[in-house]
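Enquirer: with the input below, show me the fold.
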Amino acid sequence: MAELVPDKYEGESIRKVSGMYEDWFLDYASYVILERAIPSVHDGLKPVQRRIMHSMREMEDGRYNKVANVVGNTMKYHPHGDAAIGDALVQLGQKNLLIDKQGNWGNLFTGDGSAAPRYIEARLTKFALEVVFNPKTTEWQLSYDSRNREPVNLPIKFPLLLAQGVDGIAVGLSTKILPHNFNELIDASIKHLRGKKFQLFPDFQTGGMVDVTDYNDGERGGRVRIRAKISQVDKSTLKISDIPYGQTTGSVIDSILRANDKGKIKIKKVEDNTAEKVEIIVHLHNNVSPDKMIDALYAFTYCEISMSPNACVIVNKKPEFLSVSEILKINTKSTIDLLQRELEIELEELEYKWHFSSLERIFIENRIYHDIEEEETWEGVIKAIDEGLKPHISHLKRPVTEEDILKLTEIRIKRISKFDLDKAQQYIESLEEQIEKVLFHLNNLTDYAVDYFKNLKIKYGKDKERLTEIRPFEEIDATKVAAANVRLYGNFAEGFIGTGTAMKKEEFLFECSDIDDIITFRRDGVMMVTKVSDKTFVGKNIIHCAVWKKKDKRTIYNLIYRLGKNGPNYQKRFSVTSIIRDKEYPVGGNAKNSQILYFSANPNGEAEIVQVLLNQRARLKKLKFDIDFAELAVRSKTAKGNLVSKHPIKKIDLKEEGVSTLAPRKIWFDETVKRLNVEERGRYLGAFKGEDKILTINDEGVAQLTNFDLTNHFNDNLVFLEKWNPNKPITCIYYDSERERYYVKRFILEDSFKEQPFYFLEDNKSFIELISIDYIPQIEVLFKKVNGNEREPEIINLEEFISVKGITAMGNQLTPYDVKKIVELEPIPYEEPEQEEDSDDDDDELFDGEAKQASLFGEEE
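Expert: Next comes the predicted model:
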């Protein structure tokens, strides 16, 4: 296509827009990646952060500077305006590592912004002054307007990038490196220097808990799950004391209110009491389980979030994706190189001082300055000094230069007249000692670097303990903890179920959650599972409709059906643990015109007895007989079942209500996640029946009985958790702070699951020393020395020492003497009365009795 060019543009070159766009966009993308959003792997800083630090070092005089002044000074180096500089400066300050703050710098927990730059002040921390700067080892470049010098990278001798973490979005690239613990980074660097393996995991200023199972060393494709810390204050109150990284108290509360509005959870109200520390109080309704609500908060709110790290950094002016281990190794290598360069510079300076001090001593001691008295020219002076030095310079480490001689001529007469040879020699010897020390460090550079890191930890690591607890999280099934927020209606004859407005004229069935699955059985023997919706057709003649839970092995369905129009009748028991949604399953046989004659759904595996009445026939001897479903094995949902009769059934009546055929559940306690489970993780507690309970005692002296629901939460301060035996005494040794003596009490905890917990310590200054549920526990008491004398240790049988009393009793004083240590010994053997305990198979299934394979009625001869 021809291009028309006005006469006034004749002689000028013409470029196509497409080519210009390609070049300019690539230049723009490269600029944003290298100069704006992505940090350098060497110093861990983005350009704006590096320029802020350089500017603050330039202004450093030990006093605080107005942030507005820092921003103004930084604009000499950063061409993108004061707002970008101010925001970056506040973010650096909030990390509490490089900048010492004064004034209102905002609140990391609430998300409140800082005061205006003219009202807040900043200066560099001692850590920053020691670790970040050294003009002698810094590589410099011209600023954007060529008026000033700025560092290419700051010579940081610490893995700052991993300590602070970083977020950045560039053109076609982004980076997300999570912050790590200061002391753990130093320990990892030391391990790497010593050739040992190390692992690094995130640590957040907001605390909380983190699951690093899929962290993948911080590489792309990894993931961490972060949770708030939620504790139960009482049966109707929860407290959130830490929030996930990247969230604020406002965002967490908003997510809780949204979940409540959508009906996912049910709460009364939320209070934000956050000040110096996070404190969000969640008030529950009286009929809501606190344990279930904790899981629901994790499932439906920002109390749990996921983050995917993406460690993209600039290496040799190119973006690269690395792991956190690779970044730490690069930073550690960079630290060693910088330490080596500092030592080499120090060695050069010391050798120069030693060289000139030696020359000065020779010049003055041998009175060489007299040799220049008769010289008339400057060249003659230089030559006379050079000749005078030659007999005395054989021990010097390098030749004498003209520059050295010129410096000797600058020595003042006053210094020559007061020159002390002994002091000069001592100074030279001290320089030699320093040179020897620097050479030793250069020859043992790894050990020197290890000592350097250890010193950093001693000086700056005292208040930098890990804030985020590392623990694996259990998976939460959202359908099990979601609140019932919709009402389900159904027209069984026409085959419709739903929650929509159009269904409200039909029969109300039950309340459920809008994320639940619904299981239906039809008269023709077809089962189907579908999601809750406004209106769904599942087939005519529905006989049963309920909420279905995945992997539910405890709900058992008892069924008697006729196969085909005139076929034989069968009985079966089955559970439904897995399905394909909206698929029809023929649980009542595949034949056309099959029909369910009897059906029951049993949430605890109950097995009833029914009476079957057959149609009267001429030669049929037995028309009435009983069927006990307990005698049937539990099969799959599509199994045919056992034959009941080949003859038509007139009627089936319930003769006797069923009892549960479920074996006791074997329960384990996982110490890592503080949860109960049936997957054999952790410590085995025992086999539990319906009324069995778990006894817990914490370090504050609170004893409590709970059920064995797998959704129960247990706090970190537990000192004891066991299956409760109502006949087994509990022995407790505790320190009474008021009497300053140890006491022993033995008591039996009464069943008060629905009541408040038992507090068996009198005040919060007393503490529990030992808890035992052995029948005959033994201890050894070691005593403190008194006036240089030490009592012999005593071994005490606690069962003989004190009888069983009430939980509120003080107990008996253990000893009137000062106790050094109490050691728990092996208990005296005791034969516990045998208790009947049903066995339980590996899958926690029903009792699998001998299945009847024959007909249950008399046949004609």
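
Enquirer: the spatially closest residue to residue 64 that is not a sequence neighbour: neighbour count?
Expert: Nearest non-adjacent residue to residue 64, counting by C-beta to C-beta, 6 or more residues apart in numbering: residue 121, 3.8 Å away. Placement of C-beta: from N, CA and C, glycine included. Burial of residue 121 is recorded as 19 neighbouring residues (other C-beta atoms under 10 Å).

Enquirer: now residue 121: how far from residue 133?
Expert: In this structure, residue 121 lies at 20 Å from residue 133, with C-beta to C-beta, to the nearest Å as the measure.

Enquirer: what do you get for residue 620?
Expert: Using C-beta to C-beta, one obtains 104 Å as the distance from residue 620 to residue 133.

Enquirer: also residue 641?
Expert: 82 Å.

Enquirer: then residue 621?
Expert: 105 Å.

Enquirer: ok, these two, which is more surrounded?
Expert: Neighbours per residue, other C-beta under 10 Å: of residue 621 and residue 133, the larger number sits with residue 133, 19 against 10.

Enquirer: number of nearby residues for the closest residue to the more buried one other than its chain neighbours?
Expert: Taking C-beta to C-beta, 6+ apart as the measure, residue 133 lies nearest to residue 57, with 5.2 Å between them; neighbours along the chain are not counted. Neighbourhood size, residue 57 [other C-beta under 10 Å]: 16.

Enquirer: helix or strand for residue 57, which one?
Expert: Here residue 57 sits within helix 47-59, counting by DSSP states H and E.

Enquirer: okay, and the helix or strand of the protein with the least pLDDT?
Expert: Scoring the helices and strands of the chain by mean pLDDT, DSSP states H and E places strand 758-759 at the bottom, with a mean of 56.

Enquirer: residues of the helix or strand just after that one that come out buried?
Expert: The helix or strand immediately downstream of strand 758-759 is strand 767-772, counting by DSSP H and E. If you call a residue buried by 16 or more other C-beta atoms under 10 Å, then strand 767-772 has these buried ones: 768, 769, 770, 771, 772.

Enquirer: now swap in stretch 775-791 and tell me
Expert: For stretch 775-791, burial by neighbour count (16+ other C-beta under 10 Å) applies to 777, 778, 779, 781, 783.

Enquirer: so which of those residues is the closest to residue 710?
Expert: Sorting the buried residues of stretch 775-791 by distance to residue 710 puts residue 777 at the head of the list, at 30.8 Å, by C-beta to C-beta.

Enquirer: just send the buried residues of strand 767-772 back as JSON lines, with pLDDT and distance to residue 244 too.
Expert: Below are the buried residues of strand 767-772 laid out as JSON lines (pLDDT from 0 to 100; distance: C-beta to C-beta, whole Å):
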{"residue": "768", "pLDDT": "81", "distance to residue 244": "33"}
{"residue": "769", "pLDDT": "84", "distance to residue 244": "37"}
{"residue": "770", "pLDDT": "84", "distance to residue 244": "37"}
{"residue": "771", "pLDDT": "83", "distance to residue 244": "34"}
{"residue": "772", "pLDDT": "83", "distance to residue 244": "39"}
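
Enquirer: closest to residue 239 out of those?
Expert: Top of the list for closeness to residue 239, among these and by C-beta to C-beta, is residue 768 at 23.1 Å.

Enquirer: okay but that closest one is in contact with residue 717, surely?
Expert: No: taking contacts as C-beta atoms under 8 Å, residue 768 lies outside contact range of residue 717: 10.5 Å.

Enquirer: quick check on residue 489: phi, psi?
Expert: Note on residue 489: its backbone torsions stand at phi -120, psi 160 [degrees, to the nearest 10].

Enquirer: mind starting the numbering at 19 from now?
Expert: Happy to do that; since the first residue is 19 now, the last one works out to residue 507.

Enquirer: return the residues in contact with it.
Expert: Neighbour list for residue 507: 515, 516, 517, 521, 522, 523, 524, 525, 526, 527 [criterion: C-beta atoms under 8 Å, 6 or more residues apart in numbering].

Enquirer: go on, residue 441?
Expert: With contacts defined as C-beta under 8 Å, 6+ apart, residue 441 has no neighbours.

Enquirer: which parts of the stretch of helix or strand it belongs to are buried?
Expert: If you go by DSSP H and E, residue 441 is part of helix 439-461. Buried residues in helix 439-461, counted by 16+ other C-beta under 10 Å: 442, 445, 446, 449, 452, 453, 456, 459.

Enquirer: re earlier: relative to residue 712, which of the buried residues of strand 785-790 is nearest.
Expert: Ranked by distance to residue 712 (C-beta to C-beta), the buried residues of strand 785-790 are led by residue 789 at 14.5 Å.

Enquirer: surely the closest one and residue 747 touch.
Expert: No: with contact defined as C-beta under 8 Å, residue 789 does not count as touching residue 747 (11.7 Å).

Enquirer: for residue 737, give me its contacts.
Expert: When contacts are counted by C-beta under 8 Å, 6+ apart, residue 737 is found next to 715, 716, 717, 786, 789.

Enquirer: cool, and residue 195?
Expert: Contacts of residue 195 were listed using C-beta under 8 Å, 6+ apart, and they are 57, 179, 180, 183, 184, 236, 327, 328, 329, 331, 342, 345.

Enquirer: run through the bridge partners of it.
Expert: residue 184 (DSSP bridges).

Enquirer: from residue 183, how far out is it?
Expert: Distance check for residue 195 against residue 183: by C-beta to C-beta, it reads 5 Å.

Enquirer: same question for residue 598.
Expert: Using C-beta to C-beta, we find residue 598 at a distance of 44 Å from residue 183.

Enquirer: do residue 65 as well
Expert: Residue 65 sits at a distance of 18 Å from residue 183 (criterion: C-beta to C-beta).
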